[in-house]
Structure formats: C-alpha cells, structure tokens
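# Predicted model, plus sequence, below.
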Amino acid sequence: MLDLIETIVVYKLPRISRQELIIMFGLGDFDIKTTRICEEVHDEVYEEVRDEVRQEQTLEVVMRQLRRRIGNLSQQLSKRISQLSIEQLENLAEALLDFSTEGDLVVWLQDNLTQT
C-alpha cells in the first residue's frame, strides 16, 4: 500500500516541494532522507556522478600522456578522444605507450572506433 502511495505522490505531484508535501500530509518532523525512494535516487545519482568523474579523470590522464608522447593534438583528434567510452580510454592509455607519431593514434582510433 505504501508503494502505491509513494508512486502516486512521486508521479502525480512532481512539482510539489518537500516542504509542501510535509505540510500536506502532516508529517511534521518526518525525515524524507530516510525513505527508500530518496536512498534509491541518492544511489543512482552517486553512481552516475562517480562514473562521470572517472570518465573525466581518465580522459585527462590519457590526454596528458598523449601530449607527452606525441605532442599537441589537433582539435579534431581531441574531440574524437573525448567521445570515447571509459573502456576505450583505458585501452588507449595502454596502447599509447607504443605510439611514436600522431599517425599511430589515428590508426588506433580508426581500428577501435569501428569495433564498437
């Protein structure tokens, strides 16, 4: 029964603030942070943010390694690299140790972007 009420409140009243819901339902000192839905949303947001941060950090390290290994990259290559998945970035981080020219990077991108 509580799941049904929770679903109705979340989907039918999406624009009502937490304070308005507390007043509307007479919950007084109710702590919404302890509800299951709040915990689920928190966990989902945490995972998304963690994945985004991991992606950004991996991209930053790969770009620094590439600049050190083969010099400054064109804007086009930088853009292509920034669109890689975390798994592709990790593979690139390993592969770039064998690169000696920008051409090596271009070949790797062509080979690995057609495999996904």
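It's in.
# And the helices in the chain?
2-12, 18-24, 36-70, 75-82, 86-95, 102-113 (DSSP state H).
# a markdown table for those, including mean pLDDT and mean neighbour count?
Every C-beta, even on glycine, is put in place using the N, C-alpha and C of the backbone. Formatted as a markdown table, those follow (pLDDT from 0 to 100; neighbours: other CB atoms under 10 Å):
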| stretch | mean pLDDT | mean neighbour count |
| --- | --- | --- |
| helix 2-12 | 68 | 10 |
| helix 18-24 | 72 | 12 |
| helix 36-70 | 90 | 13 |
| helix 75-82 | 95 | 13 |
| helix 86-95 | 96 | 15 |
| helix 102-113 | 93 | 14 |
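# In this structure Leu92 contacts Asn112, no?
Yes: Leu92 is in contact with Asn112 according to CB atoms under 8 Å; the separation is 7.5 Å.
# What residues does Leu97 make contact with?
Listed by CB atoms under 8 Å, 6 or more residues apart in numbering, the contact partners of Leu97 are Arg69.
# Please tell me the pLDDT value assigned to Gly26.
Predicted confidence (pLDDT) for Gly26: 70.
# That one: neighbouring residues, count only.
For Gly26, the count of nearby residues is 7 (other CB atoms under 10 Å).
# what's near enough to touch it?
Going by CB under 8 Å, 6+ apart, the list of residues near Gly26 is empty.
# please renumber so the chain begins at 59
Will do, 59 is the new start, and the previous item becomes Gly84.
# From Leu124, how far out is Glu102?
For Glu102, the distance to Leu124 (CB to CB, to the nearest Å) stands at 33 Å.
# Then Arg94?
For Arg94, the distance to Leu124 - CB to CB - is 45 Å.
# Over to Gln141?
With CB to CB as the criterion, Gln141 and Leu124 are 15 Å apart.
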